[in-house]
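> would you be able to build a 3D model of this:
(chains A and B)
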Amino acid sequence: MKKAIFELDDVFYYYPTGSEALRNVSMEIYEGERVAILGPNGGGKTTLLKILDGLIPASRGSVRAFGKVLNSATLNSKEIYEFRSKVGFVFQDPDIELFSPTVYDDVAFGPQHLDIPGEEIDERVERALKLLNIVGLKDKHPYNLSGGEKRKAAIAAILSIDPEVILMDEPTSDLDPKSRSELIGIIRELNNEGKTIIISTHDVNAIPDLMDRVYVLNKTIIAEGTPQEIFSDFELIKANNLEVPEIFKLFEVLRCFGYNCEDLPLSIDEAIKQLTKVAETHEGHIHLHIHEHTHDHLDKLRDRYNHH
Amino acid sequence: MSKFVDKTLAEIVDYIRDAVFSEEYAKRKGLLQAIDTKVKFIAFMVLITANIFARNVYLIIVFFSVSLMLAALSRIPLRSYLPRVLLFIPVFTGIIALPYIFNVFQPVEGTPLLVLYDFQRVIHLPLLRPFSRIEITREGVFWASTFLARVTTAVSFAILLMLTTRWSDLVSTLTALRFPKMFVLIMGMSYRYIFLLLDLVSKMLLSRKSRVIGKEKAVKSWKLNAGILGALFIKSYDMSENIYLAMLSRGFGGEYKNIRSDSRPPGLRDYIFLSSIIGFCIFALITEVIA
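Okay, here's the model as predicted:
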């Protein structure tokens, strides 16, 4: 049985103004998992990540990390440094994380403050820079980096800590397609190395490729399931202002033309697998046709996704 | 007025982007770029201090000539160096120094150069010496021009140091010279984020400009500028809070630990450079005293 890394029970969080950010949040995240937190803007995703990173204490409820309670007392005690070396948080805005005169200094900041010996700091920094393919940027000032480079530098700044868990707040936002796909590859690689990945995101097209489990959060946990379960629940998606992956929409269109399948694919890989399987069982052919309800179904589909 | 704000901000942001962060001049091969940063920093501090102690305006002009000569030897084009030195800071210093050329603001009676107005009676005003005429005095003009020349020269040295040194090397030097770590951290972060926020302001101004049709009235323009300042304040407050959290997340516990310290020993060329600068300053100040 897998070890639970985070256990949240009935967690509430109130902003200093008294307004509610999280209500009755209960969740469990296991070692090596890839979990997405999906939800509308203002739904409390960033606040939840900050609680998981031990940056702010929950106002009510219990938060346990690696079997230990995480509350105001532990956050202010020396015990927290052990936790900090196990959990890394990549903020949404990389400018928040890159405050040093050079990329090297930023990447070295974590190990320096977690009392890692000097020679090992250099090794860790080099390793993190190599993994993200940004060795050439190490002496540059963060002001001079592009959006994608800043994001990679911010991730390297966390990887140098060598954490067991990586929390990422909207990692693919504001990235060009090339940087986005590179980042997805990096996240996958990190998970293959055994790291637990927790991501808050709006990028529904990245979720199927990356995530094992999805939590839908809108101040409280609305739903939890596999990406397939979540994206197949249209009412849930609509009620929370969410989107489904483009591939999923395309296969819904194909369904209107008579394409027969139980589960709609969510990613390119799944689509290739499914189309191959269907073609193989139908002597190399995939049959599409217009039947009497095709146009009605297409109209309903357009309405559903507001395509006029 | 809005145009003035727009232009000033755009100029500052462009200057920083081109001259400081692009490190264009710091990468060139020249005299100052080849000198060890620690030695260069000390040499410039010596030059600035000597310049402050110089009382004769002609000697200050000599110091200014030294800065021009060093700039030329460091392959910094004077047409981009001089405007930076002569435009911003001396203009503001000029505003501060200007009143002192008038007799009414001076503690003792001076030698009149030009009488602007004669009241024919003694005027008594609070905080000021009694006076009967408003006049420009020789001592006032001399003091104001010395002050202006001194500030301009000090600024020219500071700008030259910045232009010929990579920001990261400067920070390492401050650490190596045992400046308090927290001071170095705060200075580095202020430097980084002031320009990030300036960038944001210039984008906000540009976005406002793109939506304005016709001529804006001054009052309305100032109201909009105040709105931009308010938004900037909220943004910077939010950012500072998140930066602190990002530091905490990476193990920061209130004490800044920095391994980046320039520990390379200076070479013979660096020592010769520093000795020449110190020798020149001592010679210049002694000559002034003797003269």
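
> please make it C-alpha for all contacts and neighbour counts, starting now.
Noted.

> how about the residues of chain B by chain A?
Residues of chain B found near chain A (Cα under 8 Å from any Cα of the partner chain) are B:21-22, B:167-168, B:171, B:185, B:188-189, B:192-193, B:196, B:239, B:242-243, B:245-253, B:256-260.

> and residue A:241, helix, strand or coil?
For residue A:241, the assignment made with DSSP: H, G, I helix; E, B strand; the rest coil gives coil.

> low-confidence ranges in the stretch 51-200 of chain A?
Confidence mapping of the stretch 51-200 of chain A against pLDDT under 70 gives zero matching residues.

> quick one: name the residues of it near chain B.
Checking the stretch 51-200 of chain A against chain B by Cα under 8 Å from any Cα, the hits are A:53-55, A:81, A:84-85, A:88-89, A:91, A:96-97, A:99-102, A:105, A:109-114, A:118, A:139, A:141, A:143-144, A:158, A:161.

> show the contacting residues for residue A:128.
Shown here is residue A:128, whose contacts under the criterion Cα atoms under 8 Å, 6 or more residues apart in numbering or on different chains are A:107, A:156, A:157, A:159, A:160.

> the last one touches residue A:111, doesn't it?
Yes - here residue A:160 lies in contact with residue A:111, judged by Cα atoms under 8 Å, at a distance of 6.6 Å.

> strands of chain B, residue ranges please.
Here chain B has its strands, by DSSP state E, at B:112-123, B:131-137.

> how many residues are close by the residue of the stretch 201-308 of chain A at minimum distance from chain B?
Taking Cα to the nearest Cα as the measure, the stretch 201-308 of chain A has residue A:201 as its residue closest to chain B, at 18.6 Å. For residue A:201, the neighbour count with other Cα atoms under 10 Å in any protein chain shown is 22.

> list phi and psi for it.
Per-residue torsions, residue A:201: phi -160, psi 160 (degrees, to the nearest 10).

> of the residues of the stretch 51-200 of chain A next to chain B, buried ones?
Neighbour counting over those (16 or more other Cα atoms under 10 Å in any protein chain shown) leaves A:53-55, A:81, A:84-85, A:88-89, A:91, A:96-97, A:99-102, A:105, A:109-114, A:141, A:143, A:158, A:161 as the buried ones.

> so which of these are in strands?
For those, secondary structure assignment (DSSP E) places A:88, A:89 in strands.

> what sits against residue 101?
I went with chain A, as the question did not name one. If you count contacts by Cα under 8 Å, 6+ apart, residue A:101 has them with A:140, A:141, A:142, B:167, B:168, B:171, B:188, B:192.

> meant chain B, my bad for not saying
B:136, B:137, B:138, B:139, B:140, B:141, B:143, B:144.

> how about the residue of chain B at minimum distance from chain A, what does it touch?
Residue nearest to chain A within chain B (Cα to the nearest Cα): residue B:250, separated by 4.6 Å. By Cα under 8 Å, 6+ apart, the residues touching residue B:250 are A:84, A:85, A:88, A:109, A:110, A:111, A:113, A:114, A:158, A:161.

> so which residues of chain A form strands?
A:4-14, A:20-30, A:34-38, A:60-65, A:68-69, A:87-90, A:165-169, A:196-201, A:213-218, A:220-225.

> lowest confidence element among the helices and strands of chain B?
Sorted by mean pLDDT, DSSP states H and E, the helices and strands of chain B end with helix B:2-15, the least confident at a mean of 66.

> find the nearest non-adjacent residue to the residue of the stretch 1-150 of chain A found nearest chain B, please.
For the stretch 1-150 of chain A, the nearest residue to chain B under the criterion Cα to the nearest Cα is residue A:110, separated by 4.6 Å. Among residues not flanking residue A:110 along the chain, residue B:250 sits closest, at 4.6 Å (Cα to Cα, 6 or more residues apart in numbering or on different chains).

> that neighbour and residue A:72, how far apart?
With distances taken as Cα to Cα, to the nearest Å, residue B:250 is found 18 Å from residue A:72.

> repeat for residue B:269
In this view, residue B:269 and residue A:72 are 57 Å apart by Cα to Cα.

> and for residue B:58?
Summarising the geometry, the distance separating residue B:58 from residue A:72, computed by Cα to Cα, is 65 Å.

> count the residues that sit near residue 163.
No chain specified, so I'll use chain A. Residues lying near residue A:163 (other Cα under 10 Å) number 18.

> chain B is the one I meant
As a measure of burial, residue B:163 has 24 neighbours, counting by other Cα under 10 Å.

> what's the answer for residue A:169, then?
Burial of residue A:169 is recorded as 21 neighbouring residues (other Cα under 10 Å).

> and it, bridged to which residues?
Going by DSSP bridges, residue A:169 is paired in beta bridges with residue A:200.

> in ChimeraX, how would I select the buried members of the residues of chain B next to chain A?
One line in ChimeraX is enough to select the buried ones among those; burial here means 16+ other Cα under 10 Å:
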select /B:21,22,167,168,171,185,188,189,192,193,239,242,243,245,246,247,248,249,250,251,252,253,256,257,258,260
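
> returning to that earlier point: show only the entries of the contacts of residue B:250 found in helices.
If you go by DSSP state H, the contacts of residue B:250 have A:84, A:109, A:110, A:111, A:113, A:158 in helices.

> so the last one touches residue A:107, yeah?
Yes - assessed by Cα under 8 Å, residue A:158 is found in contact with residue A:107 at 7.2 Å.

> show me the contacts for the nearest residue to residue A:113 once chain neighbours are set aside.
The spatially closest residue to residue A:113, leaving aside those adjacent along the chain, is residue B:251, at 5.2 Å (Cα to Cα, 6+ apart). Taking Cα under 8 Å, 6+ apart as the contact definition, residue B:251 lies against A:81, A:84, A:85, A:110, A:113, A:114.

> now residue B:251: how far from residue A:110?
As for residue B:251, its distance to residue A:110 is 6 Å (criterion: Cα to Cα).
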